[in-house]
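**Student:** here is a sequence together with a model predicted from it:
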Amino acid sequence: MFNHIQNNDFTSIVKGRRSVRHYDENVIISREELTEIIAEASLAPSSANMQPWRVVVVDTPEGKEKLRPLVRFNTEQNDTSSAMLLIFGDTDSYLNVEDIYNTAVEQGKMPAEVRDRQVGTILSMYPTLPKEVKVEVAKVDSSLFAMQLMLVARAHGYDTNPMAGFEVDQVAKAFDLDEERYAPVMIISIGKAKVEGHESVRLNADRITFWK
C-alpha cells in the first residue's frame, strides 16, 4: 500500500482525514483487510523496537453489545462502525525483544553483535523500570501506532474516529486482558462515513513552534 502513495496523495490523506461519528452500518470490512491495515500501521516506530501496541478488534454484535456500556459518550460510533479497535499498550513488551531481534538478524537487517548488545541492555534495564514509566512508554509508542493506523485506514478508503471517552478502568477486564499488564490507550472506530465529519480549525504553525 505505502509503495504506491505519492507525496501529493499522502498530503491529501492527511488533510482529508476527519473524525467520523456516524458510519454506514451496511459496510463490512473483512478481517483480512483489517489485518492488513493493522500490519501496515505496525510499521510505526517504537522505543527499542519493542512494538508494545496490542489491538482488540470488536466487530461482532456480541462484542459491540459488551463494549456499548463502556463507551457511553460514543455509542453512535460503536453501533454504526464496521469495527471498534481497542488499542492497549503492553507494559511487558520486552518479553518479545529476543524474538524481534533474532528475526532481524535472520533477515539480515542487523548484525548479531548489535543484537546481543541491545538485547542485553534492554533485558537488564527495562524489567526493573517503575510501572508508571512502563505505562508511559507503552502509551506513547501505541499512540504513534494509532495515528499511523488512522492514516493507513484513510489510504484504504475508510474513515476513523479516535476516542478517549470510555471506561478506562473496565475495558481490559471486559475483554479478558490482564489489567496489570495492558494499559488502555484509546479506542478507534473504523468504517465508511454515512455522515461526513466536520473540518476543524488548527492553530497556525507559528503559534505552536518555537525557534531557538
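**Tutor:** Sure thing, it's come through.
**Student:** low-scoring stretches of this structure, by residue?
**Tutor:** Scanning the chain for pLDDT under 70 picks out 1-8.
**Student:** just want the most central residue of it.
**Tutor:** With distances taken as Cα atoms, centre = their mean, A146 lies nearest the centre of the chain, 2.8 Å away.
**Student:** what about V168, which SS state?
**Tutor:** coil (DSSP: H, G, I helix; E, B strand; the rest coil).
**Student:** count the neighbours of it for me.
**Tutor:** 13 (other Cβ atoms under 10 Å). The way it works is simple: take the backbone N, C-alpha and C, and place the C-beta from them, glycine included.
**Student:** now it: closest residue in space that isn't a chain neighbour?
**Tutor:** Spatial nearest neighbour of V168, chain neighbours left out: P184 (4.9 Å); criterion: Cβ to Cβ, 6 or more residues apart in numbering.
**Student:** same thing with R18?
**Tutor:** Per Cβ to Cβ, 6+ apart, closest to R18 is G197, 3.0 Å.
**Student:** strands of this protein, start to end?
**Tutor:** Ranges of strands in the chain, per DSSP state E, are 22-23, 53-58, 83-90, 159-163, 182-191, 193-195.
**Student:** which one of those strands lies closest to Q170?
**Tutor:** For Q170, the closest of these is strand 182-191, at 9.1 Å, according to Cβ to Cβ.
**Student:** helices or strands up against the closest one?
**Tutor:** Using 3 or more Cβ pairs under 8 Å, 6 or more residues apart in numbering; DSSP states H and E as the contact test, the elements touching strand 182-191 are helix 75-80, strand 83-90, helix 131-155, strand 159-163, helix 171-174.
**Student:** need these in JSON lines with distance to P52, can you?
**Tutor:** Converted to JSON lines, the helices and strands packed on strand 182-191 look like this (distance: least, Cβ to Cβ, whole Å):
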{"stretch": "helix 75-80", "distance to P52": "25"}
{"stretch": "strand 83-90", "distance to P52": "5"}
{"stretch": "helix 131-155", "distance to P52": "4"}
{"stretch": "strand 159-163", "distance to P52": "18"}
{"stretch": "helix 171-174", "distance to P52": "14"}
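**Student:** closest to D59 out of the ones you listed?
**Tutor:** Comparing these by Cβ to Cβ, strand 83-90 comes nearest, at 4.0 Å.
**Student:** distance of the nearest residue to R115 once chain neighbours are set aside from Q107?
**Tutor:** Distance criterion Cβ to Cβ, 6+ apart; nearest residue to R115, sequence neighbours excluded, is Y101 at 4.4 Å. Applying Cβ to Cβ, to the nearest Å, the value for Y101 to Q107 is 11 Å.
**Student:** neighbour count for the two, which is higher?
**Tutor:** It is Y101, of Y101 and Q107, that has more neighbours when counted by other Cβ under 10 Å, with 22 against 8.
**Student:** can you give me the neighbour number for F88?
**Tutor:** For F88, using other Cβ under 10 Å, the count is 24.
**Student:** that one against K173, yeah?
**Tutor:** No. Counting by Cβ atoms under 8 Å, F88 stays clear of K173, with 11.9 Å between them.
**Student:** now the common contact residues for those two.
**Tutor:** Common neighbours of F88 and K173, counting by Cβ atoms under 8 Å, 6 or more residues apart in numbering, are absent.
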